[in-house]
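J.: Here is my input; please provide its structure:
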Amino acid sequence: MVAWRGYNLDMKDYEIFLKLKNDPSSKLHEIASAVTKDSDISVSIETVRTRLMHMKEKGFLRVDREIKDPILGNRTQTEIEAVYLPQRLGLVRKHVFFNQVPNRESLNKLKMLCDEHPYTHYRTVAYSQGAVLYVQFDIPPSTEDSMNLLFKDLQDQDLFKSFRCQNSSYISKTPADFSQWDKKSNTWRIESDLKSERGSKQSALDTMWDQMLETLDKNPSLEPVRLNDELDLDRLDKLLLRELTINSKIAKKDLGKYHDRDPTTISRRVRKIRDSVAPGEQLYYDRSVFDLTYPQAILGHFRPDSDLDNSTLHYFIKSKIIPFECQLVSDDDGFVLFSTSSPSFAPELSEFIWEHADDVSILQLQFDSAFTYYFYHENHDENGWKTDQSYVRNIPLAAIRKS
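T.: Below is the predicted model of the structure:
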């Protein structure tokens, strides 16, 4: 593990990292116990603590930094952030691609629009036919028409040539499977079987796909995303959710001090938030150690009479045949498949999808330009989510017109 050793880390660090990756909220004693149980390595709680500290000092895990949040004030951002599920908040996640942005000025205006819009969740730059700005908006369902009008307003300003909105009616997500990482060769095992014989289909994924189909007696079932009708969070809960999306490791005593509550109340509220709307966590680490340096988005439409349809593609992703981090969002007509893989695997996946779907386009995502917006509690009040056109369209649009 050449890259791993570049951080002056060893196999004991590796096993500790794997346990943290699988469950970022693990306590030190839980990591120590899991490493000792699942490997030939025995570690103490103190060893886990010092090793994790060393990983941060070396920069393998994201280094702590101080930020000034415009709502909460000074905060510390660590390597772990809480991840909320928009559907549990009653929101729809819209995946929007602003295509062929002509120049830097237009790109900066679109970024400003994202900064000003209250329902922006994430943005990053991508490249295909020129520059693309990819944005996630978490919106109340009743605002879809207003949002589409906003996008057309932006297009009329010649900030981009076209845009595509992908609904997330169905979602499948899988993490990277590190059991498929060969620690001796520093490669992923799937890479050894990628290319098929000359003159046949180029991607060996076709063979894996055919083998999967042979195991199916019928089309696999596919459950649509269901939105919660009611949001049982008060103002304190929503502020705490913002805190956790900044730093999931923040101490309960600090939260109590910031929000003038006792630790018992804070612990109960945080548990409620995690159980109800934010069950996941994101761990930030140097992906290059594992050659996970090629993030891409594959957009397409389902081809009539193709074996690759909505249900089989979701089944393929959930089967973990692909050992890399993947997220598939789709509706009955189209899809976007996000993956973060090794550079040698990325074109194989692209080619496989191109063989089986229509209108396929590939975007190379630029993680260095990515920005995740913290949960914005002011979008929701005693009357519910704010949905008037002025709030979701006119005010953000006016902000960039002033620039």
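J.: for whatever helix or strand residue 238 lives in, the distance to its chain's centre please.
T.: Secondary structure assignment for residue 238, by DSSP states H and E: helix 235-246. Centroid displacement of helix 235-246 relative to its chain, using C-alpha atoms, centre = their mean, to the nearest Å, is 19 Å.
J.: domain ranges for this structure?
T.: 2-58, 170-224+287-370 (automatic domain parsing).
J.: For residue 273, which of these is the nearest?
T.: Evaluated over the domains of the chain, closeness to residue 273 peaks at domain 2-58, with 12.6 Å, by C-beta to C-beta. C-betas here are computed from N, CA, C, even on glycine.
J.: pLDDT on the closest one, on average?
T.: Across domain 2-58, the average pLDDT comes to 90.
J.: hey, where'd the strands end up in the stretch 1-150 of the chain?
T.: Secondary structure of the stretch 1-150 of the chain (DSSP state E, counting those that start in this stretch): strands at 65-69, 73-77, 80-83, 92-101, 120-128, 130-139.
J.: Could you do the stretch 251-400 of the chain as well?
T.: Counting by DSSP E, counting those that start in this stretch, the stretch 251-400 of the chain has strands at residues 280-283, 294-302, 325-330, 334-341, 357-372, 380-381, 384-385.
J.: will you turn these into CSV that also has mean neighbour count, mean pLDDT and distance to residue 395?
T.: Compiled in CSV, the strands of the stretch 251-400 of the chain are given as follows (neighbours: other C-beta atoms under 10 Å; pLDDT from 0 to 100; distance: least, C-beta to C-beta, whole Å):
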stretch, mean neighbour count, mean pLDDT, distance to residue 395
strand 280-283, 16, 96, 30
strand 294-302, 20, 98, 29
strand 325-330, 21, 98, 28
strand 334-341, 22, 98, 28
strand 357-372, 15, 95, 20
strand 380-381, 15, 94, 16
strand 384-385, 17, 96, 15
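J.: Dump those to a markdown table, plus distance to residue 80.
T.: Compiled in a markdown table, the strands of the stretch 251-400 of the chain are given as follows (distance: least, C-beta to C-beta, whole Å):
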| stretch | distance to residue 80 |
| --- | --- |
| strand 280-283 | 5 |
| strand 294-302 | 20 |
| strand 325-330 | 16 |
| strand 334-341 | 18 |
| strand 357-372 | 13 |
| strand 380-381 | 25 |
| strand 384-385 | 27 |
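J.: which residues does the residue nearest to residue 130 when sequence neighbours are not counted contact?
T.: With sequence-adjacent residues excluded and distances taken as C-beta to C-beta, 6 or more residues apart in numbering, residue 130 is closest to residue 100, at 4.7 Å. The contact partners of residue 100, by C-beta atoms under 8 Å, 6 or more residues apart in numbering, come to 129-132, 160-162.
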